[in-house]
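Enquirer: Next input, structure requested:
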Amino acid sequence: MPQALEEETRTLGRTLDPLTDLEDKVLTGEIPGLDRLRLVPVPLVPEIRLYLADDAIVWWARMEAEAGTKLVAPFWASAWVGGQALARYILDNPEVADGRRVLDLASGSGLAAIAAGIAGAASVTANDIDPYAIAAVALNARRNGVYVHGSLGDILHEDGGDADLVLAGDVLYSSSMAELVLPFLRRVVARGGEVLIGDPGRGHLPDDGVKVLATYPTTTTSAFSDAQIEEVHVLSLL
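Expert: Numbering: from 1, shown residues only. Predicted structure coming up:
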C-alpha cells in the first residue's frame, strides 16, 4: 500500500488497505445486501461498469460502524451525473482526451478518468481526498481495462501540474465548494490547460466564461444528490 494511503488510514485506529477492504465487500452471486458493492453499468455510459453501492447511505453507516469513527461521505459509491456527462462526452468525442495528459479532479468512482483512458489519453490521474475513493478508482479502472494513477490529497492550491485536460464532474455542488474549486480551474486555464465541467445546473457556475458543449437528459443515481435533476451539461471553462 502506498505510504500516503497507509498514513491516511492509520487515523481510523487500525491500518487498513482500502483496496483490499473494498474487494472484500464486492457482492458475489445473488447474495442480497444494501451494504455491498455491486458491479453495474452506468446509465449514461453503459459501456463502463462500476462497483457502486445499492444504497450509499447504508454503506456509509456500515463503514463508520466498522471504523468506530466518522468517515468522509462515500461520494465514490454513486455515479454522479456530472461525471456521467463528462464520460459520455469523452467517449463520443475521443479526440478530447486522445494522447493528452488528463487529471480528474475529485474523481470519486473514477468514471470520467476511466472514460479518458478508454479514449486513448496518454496518462490519466484521478485525484481525491478520500483514500477509499482512490481505492475505488483502482478497482473500477482495472475492471474496465485501463490504468488510472491515483493521487490522494487536496490539490486546490495548485494549478493542475502538467495536465493538458482537467475534468471536473459535479464539483460545484455548493457555493462553498465553488469558491474553492473555481480559482483552481481558472489557474489551469491561465497556464494553457483545458477544463471540462460536468454540472447538472445547481446554480454555482460562474455567470460568464463558460461554454456549453453538450446537454444530456438523465436521472440521478446518487443518494447524496437532488432527485429532481433532469438534465446535465458539459461545459468548457474559457
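Enquirer: Just say helix, strand or coil for residue 177.
Expert: The three-state assignment at residue 177 reads helix, by DSSP: H, G, I helix; E, B strand; the rest coil.
Enquirer: How about it: what's its closest non-neighbour residue?
Expert: residue 171 (6.3 Å; Cβ to Cβ, 6 or more residues apart in numbering). C-beta here means a position set from N, CA and C on the backbone, and glycine is covered the same way.
Enquirer: who's in contact with the one you found?
Expert: Under the criterion of Cβ atoms under 8 Å, 6 or more residues apart in numbering, the contact list for residue 171 reads 82, 105, 106, 177, 181, 197.
Enquirer: Residue 192 versus residue 211, what's the distance?
Expert: 17 Å (Cβ to Cβ, to the nearest Å).
Enquirer: and what of residue 96?
Expert: For residue 96, the distance to residue 192 - Cβ to Cβ - is 16 Å.
Enquirer: which one of these two has more residues nearby?
Expert: residue 96 (23 against 7; other Cβ atoms under 10 Å).
Enquirer: Return the distance of the more buried one relative to residue 76.
Expert: 23 Å.
Enquirer: follow-up on the earlier one: of the contacts of residue 171, which is the most crowded?
Expert: Neighbour-wise, the contacts of residue 171 (other Cβ under 10 Å) top out at residue 82, 31 neighbours.
Enquirer: elements contacting the host helix or strand of that residue?
Expert: Taking DSSP states H and E as the definition, residue 82 sits inside helix 81-92. If you count contacts as 3 or more Cβ pairs under 8 Å, 6 or more residues apart in numbering; DSSP states H and E, helix 81-92 packs onto helix 111-118, strand 165-169, strand 194-199, strand 210-217, strand 231-237.
Enquirer: need these in CSV with distance to residue 140, can you?
Expert: As requested, the helices and strands packed on helix 81-92 are exported to CSV (distance: least, Cβ to Cβ, whole Å):
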stretch, distance to residue 140
helix 111-118, 6
strand 165-169, 14
strand 194-199, 17
strand 210-217, 21
strand 231-237, 20
